[in-house]
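Colleague: Fold the following, please.
(chains A, B, C and D, ligands or ions: 6)
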Amino acid sequence: MEAAVAEKRKLAAKDYKSDIKPIWCPGCGDYSVLNALTRALAELALRPEEVAVVSGIGCSSRIPAYTSVYGFHGVHGRALPVATGLKLARPELTVLVTSGDGDGFSIGGNHFLHACRRNVDITYIVMDNQVYGMTKGQASPTTAPDWEGSKLTPEGTGINPFQPLVVGLASGANFIARVSASDPINMAKIIVEAVRHPGFSLVQILSPCVTFRPEQQEWRDIVRTAVVDYTDDAARAARRLMTDDGFNVGKVLYKGSRPPFKPEFEVTDGSIAELEASFVI
Amino acid sequence: MEAAVAEKRKLAAKDYKSDIKPIWCPGCGDYSVLNALTRALAELALRPEEVAVVSGIGCSSRIPAYTSVYGFHGVHGRALPVATGLKLARPELTVLVTSGDGDGFSIGGNHFLHACRRNVDITYIVMDNQVYGMTKGQASPTTAPDWEGSKLTPEGTGINPFQPLVVGLASGANFIARVSASDPINMAKIIVEAVRHPGFSLVQILSPCVTFRPEQQEWRDIVRTAVVDYTDDAARAARRLMTDDGFNVGKVLYKGSRPPFKPEFEVTDGSIAELEASFVI
Amino acid sequence: MAAPSVSLVIAGSGGAGVVTAGSLLLEAAANAGWYALMTRSAGPQIRGGEAAAMIRFATEPIASHDDSFHLLVAIDWENISRFAAEIPLMANSLLIGDPALGEAPAALLCNSPRQAGLAMSEIASAIEGGRSNMVALGAIAGMIGLPVAAMESVVSRQLRRKGQAAIDASMAAFNAGFAAATGLPAVPRLPGVDAAPNGERWSITGNEATGLGAIRGGVRFVAAYPITPATEVLEWLAPSLAKVGGVLVQAEDELASINQIIGASYGGVPALTATSGPGLSLMIESIGLAVAAEVPVVVVDVMRVGPSTGIATKSEQSDLNIAVYGMHGDAPHVVVAANSVADCLFTTQWAVHLAESMQTPTLVLTDQLLGQSRAILPRPAELAFIGQRQTAVVAEEGQRYQRYALTGSGVSPMAIPGTPGLAYTADGLEHNELGTPSSQASDHQAQMDKRLRKVARFDYGSHWADIVDAEAGGGNIAIITWGSSTGPAREALDRFSAMGGKARLISLRLIAPAQPDKLAAALAGIERALVVEQSHGGQFHRMLRAFYDLPRETLALHQPGPLPIGPGRILDQLNAWRT
Amino acid sequence: MAAPSVSLVIAGSGGAGVVTAGSLLLEAAANAGWYALMTRSAGPQIRGGEAAAMIRFATEPIASHDDSFHLLVAIDWENISRFAAEIPLMANSLLIGDPALGEAPAALLCNSPRQAGLAMSEIASAIEGGRSNMVALGAIAGMIGLPVAAMESVVSRQLRRKGQAAIDASMAAFNAGFAAATGLPAVPRLPGVDAAPNGERWSITGNEATGLGAIRGGVRFVAAYPITPATEVLEWLAPSLAKVGGVLVQAEDELASINQIIGASYGGVPALTATSGPGLSLMIESIGLAVAAEVPVVVVDVMRVGPSTGIATKSEQSDLNIAVYGMHGDAPHVVVAANSVADCLFTTQWAVHLAESMQTPTLVLTDQLLGQSRAILPRPAELAFIGQRQTAVVAEEGQRYQRYALTGSGVSPMAIPGTPGLAYTADGLEHNELGTPSSQASDHQAQMDKRLRKVARFDYGSHWADIVDAEAGGGNIAIITWGSSTGPAREALDRFSAMGGKARLISLRLIAPAQPDKLAAALAGIERALVVEQSHGGQFHRMLRAFYDLPRETLALHQPGPLPIGPGRILDQLNAWRT
Ligand SMILES: Cc1ncc(C[n+]2csc(CCOP(=O)(O)OP(=O)(O)O)c2C)c(N)n1
Ligand SMILES: Cc1ncc(C[n+]2csc(CCOP(=O)(O)OP(=O)(O)O)c2C)c(N)n1
Ligand code: SF4
Ligand code: SF4
Ligand SMILES: [Mg+2]
Ligand SMILES: [Mg+2]
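Modeller: Ligands and ions are numbered 1, 2, ... in the order given. Here you go, the predicted model:
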């Protein structure tokens, strides 16, 4: 049905939404990410069946079911390997991953490293709210060390926050951007760019958790559009990212040109009989 | 016995060795790491019972049993969390971790990220031979993309090597050095420095696998002493590390000054009765 | 249960303050000398969704909810149908809604309960600062016989910081509801009882009790990764550990948390983690390490509906298999299970004792129902259990220290790092007595025997099971159950006994290792057994078959979560056997 | 086995070329028309340590090693005692060493085998380019009746690239050994047989067979992390997959590999991973995801000695528990086990078929013994199994696609990404038929029933077990076993039968789900059962008790690895029952 329609006219953002009502709290930043994502898919003019959105567990990871494309809602922290397998086995699909700061950088940290390094052509969208929303408010790797809002770390974590873009860059991500949920139009634009860029694209989204981090509603006033344009020099990007305060948003910060990892996957003329012949004695 | 002796005289490197014969191949770089490590312990004048060496699985991870200090030989990739728990629960112990490029950066990657970030006062020694020695020669995260020596990746991995020092720095390691197994004396010196430096210290050792990477025996000729001294500026260190070729050795490359993560662990005057009183209604 | 009880539900959407209302009611009931059990259910929304507080009051301690509810007070109807299956109403139940909010949804009316209207919002709006939920509480109090005075002290304590005006408004709404109760149809009223002497009653959840058991047992290091419904164990432990000189570390994942506690325990500090099914799955490899390297650790699994992510907020007894059989290789270890909110304390404390005594990982199974339920209960007894590890302190003259010495008990004295002369390397590779890796069949056999011996020879005393005879010595019927199915089974037994039936209840606290001799003795004279558990696959029943000889006529009563098997269904089978 | 056979060991340290020698011998034997089974054992060193090749030759296909060896040729004595338990020598065995290298160590002499000297190094040094191992091979050939010609073609092919001089030197050493054999005490000689017609014999290891089964079944995506002893499955698959248009990815860890194959399979490509116990432990959570989200995947576990890291290079059948029961929650899935080197091919191919047909994870259990043994065997049959997944291709008019529709078979047609109009979200949360997350008890029950129905109703045909009657229709004794214990059991049965005994062998290939009706039928007339397995805890026996009714007199014969339970021990019990 959707396909037939798609042939007739360009789909609108709303055509990429499902009819399932999100479980999110009113005002959650993730609504605006869903809006931007569907807007980006419309802009990319992809048919819904050509796209798969993969996720783990968390409020942010609920996105796949709220879209009308193929979705996979797996276990906590393992979205990237699922997406890797899917993209390698079905290279013609457009594969996106939606994640949170806990799912992506805490339990999923190792896959993050190796996905950056492996540079498969997927787009990784991380809704960073500096908290575990789904489990009702614990510190995540990106939480400030002095945040005392969690009963698990009532005096703060005392640990330096994880810098996802710096680590992503150091591990080999091929495209790096930071956007704010308060600007869904620009977010959509950058998601489009990320999808189009070959290799592993990392998009960090500052997406407030209004329930457990109500103070993040101020982010919309704090963020500023990054002043410089992207660089393709990793060392320079590293210096910039290591010294920024995390609120430079709305632009691509780094674009690399490493070719994506794409092992050949197509039926060749070898046959099973040939393989068997090697055992004959 | 050892303790009594220790009181009488300073122990020598050999006193930190056990009588278990290593399973290593003749010529393996790890022998020289064992030598340097025991030499460093002697230099630090620590009593054997004050030290614990923790490891995972791999040729390199066999080191603990070859020493005369307390050892823990756990499962593949999980040495850092074991060491973290041990050090937090027993802050007076000197805790070192010995690992390999597979154990530490492949399966153990997430703990590496978070150990750097958490900055507990332990010393992490990684014997990097760019191969899985123990399982007979597969590519590791640090292997060059065109190495065709493994049957699992007969045409090379096609994947950019992992840059442990860059990622370690990006994640918050507080001390970073690279040394060569071909120079055990200097290696010992740097291990001493790493142990003395507060917080999480990362020491990458180029330690050849003579069996599966015989060409690494040439490393002794390729390595050069790093020309610049260490910096305490992370952004500068990042630029240096991102542009170096991996063969600058023999020096500390970065020293940070973040205080170690050290939650208080001592019996306070609170009592269990007080806790119970809160349930009384 | 033989004593009178009343069961009720307060339901409503987000802002309605359902859970707060339930908690106030519980405290007031405690003031009145009643016992209580409250469980909560919520919709999928993270915040502001619908919720229901299911409460039972009685004049004696409560083991279980009833099969149905006498009274449902719906502050609004928002999504209330979602709870329909969890809050069965019968023909004599009473359903109270606010007439201003329309009709009750059909899903609640299957058994045609009585209905009545209570204009909660209207009454509340007539009072400055009045709220519907206080009106509802007042009406409930009036109906079930809870004296106003019992609520007064609660409200004034709870709202002290908000000032007298807030207290007065709340009590005015409460009193208005209380007055309105006289016009409502009757539900069971509880008799007044004398309030308990000070300190003799506790209000505690299963998850808090688990935390307290850990600290009582000697745990001073906890590492964990948050997961529903185990997080509250950790939330209670974090500040509490700090008070007794321990520490809780939030780890990057469950692989880290299990290995951190292994490290701490290797260092000599009793250590614990708490998680739920998905997290336990991730810990399996390293629990096997703790078996092989003989490091005591306690792993609490607050079970939820599986498989996979399942239903995170609801209860099921389906992690028994993974807890007992989950490790690769032969990995003898200990699994214990709590059978009530109060028993979470006992069992966790015992678990620390077992782990430390046998130097082996011990898994504690509780579940969402136990963990997140709050009970008003008698002050739990002091327990003698305390983690006691056999440590090695001096090397034997001229001998190298044998960390894994082949002792008769299987337990070998463990050197704690820092002890001079006893340095050794703990190893997950098979090893000889010294700990040196060995691939010899003889070393493997010897160490396997030793590790099995440790848990097989240990004296678990009478704690391996709770056994209740409905009528001393009589009957040839047994209910065999475990964990949170024990409460309903206990109540079924009471009812059966009240009807003159004779039966025995055996609730296993020690799930592994099996105790065939003890169960055989407990089954003396039994000809028919009913195995009760909340799992789809009948995991407990299969486990019993694997390790025990069961009576020839054994019936397995099992169903998946989230609905518990109520006392009534168990009683039906007992009665069927009687006729 | 009824046919004549000879069992021998070649042992020596690193440079001695023991394993090369064994391989040459195997090939030569195949040329001579013999069948063979070779297993290897090595010391803990990564390279250059001591090694032993244990070989059995026969004129019929070989299921098992014998209880002891007729002949041991030690090229040197270096650390050979390490193998003593694995290479039992009896009084009539012959132990050959090089007199120049001293005495045989005591560990080999417990049963006082005959001894003889062969001056291998001396003979070899007399030949330019001659090596001791070729002398040893020659002597062995001479003693067991292997014609020189059979070796000639092997050596000339193997050494072609090294030139004629190398070939001549090798054959000269071989011939010298062959000649020396005449002076040595006798060991069993095999009769000459006709060489098999071209293409009718294969030389293959269990791990290679597993890889071939995967490709035959349709697997085209493999992700894995190396681990002993599963790595050879992957090493064979990597280049072979490339030849048939598939791909193998080396993942960062096992958590990644299982999730990568889940992703590929969700994408419609049959997918597999291979690992061993520690890796399987790490995959448990995500195997549960594949159960809940109904994604077919095949997970091969080449078992090694556990628990924990255990003994990586040695065999044990002790991952049965985790394979069957490892997941949290109730997670119905399929577990199959290969019972011989050849059966690794059959069973893996079948596993792909089962996984794809039922859209469920299927675990394949093999072990180090099967996986790393090389067999000369008859060409395996072509098999009809091929992964066939029910896919959905068009949406029903006006209906939203129900990914998890409640069908009678429990299998719901699966939409493959790319199919228009059928986009859905696969979910590990409990869900309704559409896949939308649900926490309703009714949805949970319905989906649990469906997932169980899939595997319970499937027609597994006759492949669920291999059943052998020693004497058609007769006997009241059964051996029940599985996996690599099947070979010795088969041989015990043959011997028993040759002695006039009557018994039945039932080797379960389908471990889960249980097939109680089928086993009951297979046990018709059986009064006594012997359960044989290589585990310390008797896991298989416990599993049988849990799911099956066993004969009243059932005996469990189990021991941990690495030593297999030989045919003799099984035969002893059969004989004990006969008298
Ligand atoms: C293995 C496992 N451990 C823990 C959990 C519990 N859990 C669910 S979501 C979550 C954190 C989510 O945080 P984040 O990714 O930041 O998502 P958010 O809810 O903030 O969007 C956790 C810890 C789980 N589902 N599985
Ligand atoms: C969970 C798990 N997966 C895989 C293995 C197999 N394994 C053992 S060591 C090793 C790699 C070791 O590589 P590295 O850390 O570089 O050590 P090296 O041997 O090169 O010193 C692997 C994959 C294992 N033991 N456990
Ligand atoms: S808890 Fe936070 S992240 Fe989750 S839905 Fe609510 S606002 Fe959003
Ligand atoms: S395989 Fe390589 S790393 Fe391992 S012991 Fe041998 S040389 Fe060293
Ligand atoms: Mg978050
Ligand atoms: Mg290595």
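Colleague: mind checking pLDDT for the residue most central in space within chain C?
Modeller: With distances taken as CA atoms, centre = their mean, the residue of chain C nearest its centroid is residue C:370 (2.6 Å). Note on residue C:370: pLDDT of 98.
Colleague: The residue of the stretch 251-400 of chain C found nearest ligand 4 and chain D: what is the separation?
Modeller: Nearest to ligand 4, among the residues of the stretch 251-400 of chain C, is residue C:289, at 21.9 Å (CB to the nearest ligand atom). Bear in mind the C-beta positions are built from the backbone N, C-alpha and C, glycine included. The spacing between residue C:289 and chain D, counted by CB to the nearest CB, to the nearest Å, is 5 Å.
Colleague: List the contacts of that residue.
Modeller: Counting by CB atoms under 8 Å, 6 or more residues apart in numbering or on different chains, residue C:289 touches B:74-75, B:78, C:262, C:295, C:428, D:308-309.
Colleague: Between the residues you listed, which sits nearest residue A:232?
Modeller: Nearest to residue A:232 out of the contacts of residue C:289 is residue B:78 (CB to CB; 37.4 Å).
Colleague: Name the nearest residue to that closest one, sequence neighbours excluded.
Modeller: Leaving aside its chain neighbours, residue B:78 sits nearest to residue C:259 (4.4 Å; criterion: CB to CB, 6 or more residues apart in numbering or on different chains).
Colleague: Distance check, that neighbour against ligand 6.
Modeller: 20 Å (CB to the ion, to the nearest Å).
Colleague: coming back round to it: relative to residue C:266, how far out is the residue of the stretch 251-400 of chain C closest to ligand 4?
Modeller: Distance of residue C:289 to residue C:266, computed by CB to CB, to the nearest Å: 11 Å.
Colleague: Quick one: name the residues of the stretch 101-250 of chain A near chain B.
Modeller: Within reach of chain B by CB under 8 Å from any CB of the partner chain, the stretch 101-250 of chain A has these residues: A:106-110, A:113-114, A:117-119, A:141, A:158-163, A:166-167, A:169-172, A:234-236, A:238-239, A:242-243.
Colleague: For PyMOL, write the selection for the buried entries among those residues.
Modeller: Burial among these is assessed by 16 or more other CB atoms under 10 Å in any protein chain shown; the matching PyMOL selection reads:
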select buried, chain A and resi 106+107+108+109+110+113+114+117+118+119+141+158+159+160+161+162+163+166+167+169+170+171+172+234+235+238+239+242
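Colleague: In helices, which of the residues of the stretch 101-250 of chain A next to chain B fall?
Modeller: Cross-referencing these against helices under DSSP state H gives A:109-110, A:113-114, A:117-118, A:166-167, A:169-171, A:234-236, A:238-239, A:242-243.
Colleague: How many residues are close by whatever residue of the stretch 151-281 of chain A ends up closest to ligand 3?
Modeller: Residue of the stretch 151-281 of chain A nearest ligand 3, by CB to the nearest ligand atom: residue A:209 (3.1 Å). The local packing of residue A:209 (other CB atoms under 10 Å in any protein chain shown) involves 31 other residues.
Colleague: so what's residue 45 up against?
Modeller: Picked chain A for this. Residues counted as contacts of residue A:45 (CB under 8 Å, 6+ apart) are A:10-11.
Colleague: hmm, I had chain C in mind actually
Modeller: By CB under 8 Å, 6+ apart, the residues touching residue C:45 are A:23-25, C:14.
Colleague: mind listing the strands for the stretch 201-350 of chain C?
Modeller: C:201-205, C:221-224, C:247-250, C:271-275, C:298-303, C:334-337 (DSSP state E, counting those that start in this stretch).
Colleague: okay, the fourth one in PDB with CA atoms only?
Modeller: Listed in PDB are the C-alpha atoms of strand C:271-275, where the atom choice follows Å, rounded to 0.1, in the frame of the first residue of the first chain:
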ATOM      1  CA  ALA C 271      30.000  -8.200  47.800                       C
ATOM      2  CA  LEU C 272      26.600  -8.300  46.000                       C
ATOM      3  CA  THR C 273      24.900  -7.100  42.900                       C
ATOM      4  CA  ALA C 274      21.200  -6.900  42.100                       C
ATOM      5  CA  THR C 275      19.600  -7.200  38.700                       C
END
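Colleague: who in the stretch 401-550 of chain C is up against chain D?
Modeller: Counting by CB under 8 Å from any CB, the stretch 401-550 of chain C sits next to chain D at C:427-430, C:437, C:439-442, C:444-445, C:448-449, C:452, C:535-537, C:539, C:542-543, C:545-547.
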